[in-house]
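Novice: Predicted model and sequence follow; I will ask about them next.
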Amino acid sequence: MAHSIQAVILAAGRSTRCYPLTLTRPKPLLPLLGTTILGHTLGELKGLVDEVLIVVGYQAEAIRKAFGDEFEGMPIRYILQGEQKGTAHALQAARELIKDRFLVLGGDDVYFREDLKRCLEHQYCVLAAEHPHPEQFGVLKVQGDIVEDIIEKPEKAEGNLVGVSVYMFDRSIFDLQIELSSRGELELVDYIRLLPEVKWEKVQTKWLPISYPWNLLEANVSLLQEQEPSNQGRIEENVHLEGTVIVGKNTVIKSGTVITGPVYIGSDCIIGPNAYFRPDTIIGDHCQIGFGVEIVDSVLLDHVVCKHRSYIGHSVIGAQVNIGAGFITADFRADGSAHITQVNGKKVDTHREKLGCFLGDGVFTGIHTSMYPGRKVWPGLMTLPGEVLAKDKTV
C-alpha cells in the first residue's frame, strides 16, 4: 500500500512587508479573486495530498475559523508555532504529525496544481522559477537536474533561477542537524545542502509571489486575465460592457456606467450611475461605488464605499473603507521612472511605472483627499477634507 502524502503550509508569519493590509488579517487570508490566497492553495492541493497541516502563529484563530477541520473533504490540522525562528523551525513544529513524504509550501504565494504535482514525483525536490529580480529570493545553483546550493537574497545574483518556497521532503530530514543561519534563523534551505541528490522542477504554469501590497494587486490581475465573462447581477439600460466582465449575485450596475474588461465585481454591490471601470479592476462583495467614480487596475476588498467623482488607480483598498467624494490617487511619476516606496523604514523599488495607494481596513478619507503614489494609511485612520498625503499615515 502506498504511503500517504501530506502537505505542510507555513502560514505563521506577521508579513510586515505587506502592511497595512496584514495589520488586520494574516497574509494567507488576503483576497484572491473570490477566494483567498490560502483558499486557492487548498483548492490546488485537493486530490494531490491526503491531509494538510497548516503551521499558524500570527492571527491563528482567523485561519482556523476560515477553513475549519477540512476543505472539501480534505482533512486539515493546525500546529501553533509560538516563537518564530525561521522556516525550518516552523516545519519542525509539525514534526510529530508528519508521517512520511510531504510537500512544504509557503502560505502566502500563489501556486498551481500541475507544478505541485511534478514535485511529488521526486523523493527530494525544490520548485523553482525564473524571476527578473532574483536578489529578492533564494537563488538556485544547479548542475543538470540537481540542486547544488541555494543562496538566500544575494547582493549580486548569479542567474535568475529562484526557489518559490515549495519543497518535497520525507521524515528523514528531521534526523539532519542544522544550525542557526547568519540571520539568526533555522532555514529550510540548510536541509537542502545536507540531503543527497535534491532534484528541481521548473514552474510551467505560473508562480505569483506576494511580498508587498502591490504584489496582491498583480496576483489578482494575473488570475482575472484568465477568466470567462459571467453575469449573475442586474444590469440597467444604457450600461456599456466591453471585454471580459464578471458580475456577482445581486449586484446592480446602474445606468450610464461603462466597464472595459477584464473586470471582476463581487456580489451584492451597487455600481454607478455613470461609473467608469477600466481594465484589471477587482471589486469585492457588498461595495458601493458612486456617481462618476473611475477605477483602473485596483483591488477593493469587501464593504468599500466610494463616493462620487473619485479616481482610484493601481491601488489596493482594504475592507470597510469609506472614501469621501473627490478622492484622487496620483499614480505616475513625471519622469516616467519606476516608483520607490517606503517599507519597514527602507526604500523599495516597486518596479512599477504606475502605483497608487494602499489603505488598511476601516480607513475613512475626507472629501477631496489626494494621495501621492505608493502612500499607505494604517487601519482605522482618517484623513481631513482636502488633505494631501505625501507620507504614509501610520499609528
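Specialist: All right, it came through fine.
Novice: separation between residue 246 and residue 277?
Specialist: Applying Cβ to Cβ, to the nearest Å, the value for residue 246 to residue 277 is 11 Å. C-beta here means a position set from N, CA and C on the backbone, and glycine is covered the same way.
Novice: With neighbour numbers in mind, choose between these two.
Specialist: residue 277 (27 against 23; other Cβ atoms under 10 Å).
Novice: Domain boundaries for this protein, per the record?
Specialist: 5-211, 223-389 (automatic domain parsing).
Novice: Distance from the longest strand seen in the chain to the middle of the chain?
Specialist: Scanning the chain for the strand with the most residues, using DSSP state E, yields strand 161-170. In this view, strand 161-170 has its centroid 18 Å away from the chain centroid, taken as Cα atoms, centre = their mean, to the nearest Å.
Novice: What is that strand packed up against?
Specialist: Helices and strands touching strand 161-170, by 3 or more Cβ pairs under 8 Å, 6 or more residues apart in numbering; DSSP states H and E, are strand 101-106, helix 113-119, strand 125-130, strand 138-143, helix 188-194.
Novice: between residue 246 and residue 277, what contacts are shared?
Specialist: Contact with both residue 246 and residue 277 is made by residues 263, 265, according to Cβ atoms under 8 Å, 6 or more residues apart in numbering.
Novice: for stretch 15-35, which positions count as buried?
Specialist: Neighbour-count burial for stretch 15-35, counted by 16 or more other Cβ atoms under 10 Å, picks out 15, 17-34.
Novice: Dump the domains of the chain to a markdown table, plus mean pLDDT and distance to residue 217.
Specialist: Putting the domains of the chain into a markdown table (pLDDT from 0 to 100; distance: least, Cβ to Cβ, whole Å) gives the following:
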| stretch | mean pLDDT | distance to residue 217 |
| --- | --- | --- |
| domain 5-211 | 93 | 10 |
| domain 223-389 | 97 | 5 |
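Novice: Adding distance to residue 395, write those domains out as CSV.
Specialist: Shown next, in CSV, are the domains of the chain (distance: least, Cβ to Cβ, whole Å):
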stretch, distance to residue 395
domain 5-211, 9
domain 223-389, 5
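Novice: Please give me every residue in contact with residue 238.
Specialist: By Cβ under 8 Å, 6+ apart, the residues touching residue 238 are 255, 256.
Novice: Could you check how far residue 286 is from residue 24?
Specialist: When distance is defined by Cβ to Cβ, residue 286 is 17 Å away from residue 24.
Novice: now swap in residue 73 and tell me
Specialist: Here residue 73 is placed at a distance of 30 Å from residue 24 (Cβ to Cβ).
Novice: For the stretch 201-350 of the chain, which segments count as helices?
Specialist: For the stretch 201-350 of the chain, the helices defined by DSSP state H, counting those that start in this stretch cover 213-224.
Novice: tell me the phi and psi of the closest residue to residue 77 other than its chain neighbours?
Specialist: Spatial nearest neighbour of residue 77, excluding adjacent residues (Cβ to Cβ, 6 or more residues apart in numbering): residue 53 at 5.3 Å. Taking degrees, to the nearest 10, you get phi -110, psi 120 for the backbone angles of residue 53.
Novice: so residue 53 bridges to which residues?
Specialist: In this entry, residue 53 is beta-bridged to residue 8, residue 77, by DSSP bridges.
Novice: For it, grab the count of nearby residues.
Specialist: Other residues close to residue 53 by other Cβ under 10 Å number 22.
Novice: Next, the buried residues of stretch 334-344.
Specialist: By 16+ other Cβ under 10 Å, the buried positions in stretch 334-344 come out as 339, 341, 343.
Novice: Same question for stretch 208-224.
Specialist: For stretch 208-224, the neighbour count (16+ other Cβ under 10 Å) marks 208-221, 223-224 as buried.
Novice: Just the C-alpha atoms of it, please, in CSV.
Specialist: Output in CSV follows, covering the C-alpha atoms of stretch 208-224 (Å, rounded to 0.1, in the frame of the first residue of the first chain):
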residue,chain,number,x,y,z
LEU,A,208,2.8,34.6,-8.1
PRO,A,209,4.9,35.7,-5.1
ILE,A,210,3.1,38.2,-2.7
SER,A,211,5.7,40.0,-0.7
TYR,A,212,4.4,43.6,-0.9
PRO,A,213,0.9,45.1,-1.2
TRP,A,214,1.2,45.8,-4.9
ASN,A,215,2.0,42.1,-5.5
LEU,A,216,-1.5,41.3,-4.3
LEU,A,217,-2.8,43.6,-7.0
GLU,A,218,-0.6,41.9,-9.6
ALA,A,219,-1.7,38.4,-8.5
ASN,A,220,-5.4,39.2,-8.7
VAL,A,221,-4.9,40.8,-12.1
SER,A,222,-3.0,37.8,-13.4
LEU,A,223,-5.9,35.4,-12.4
LEU,A,224,-8.5,37.8,-13.7
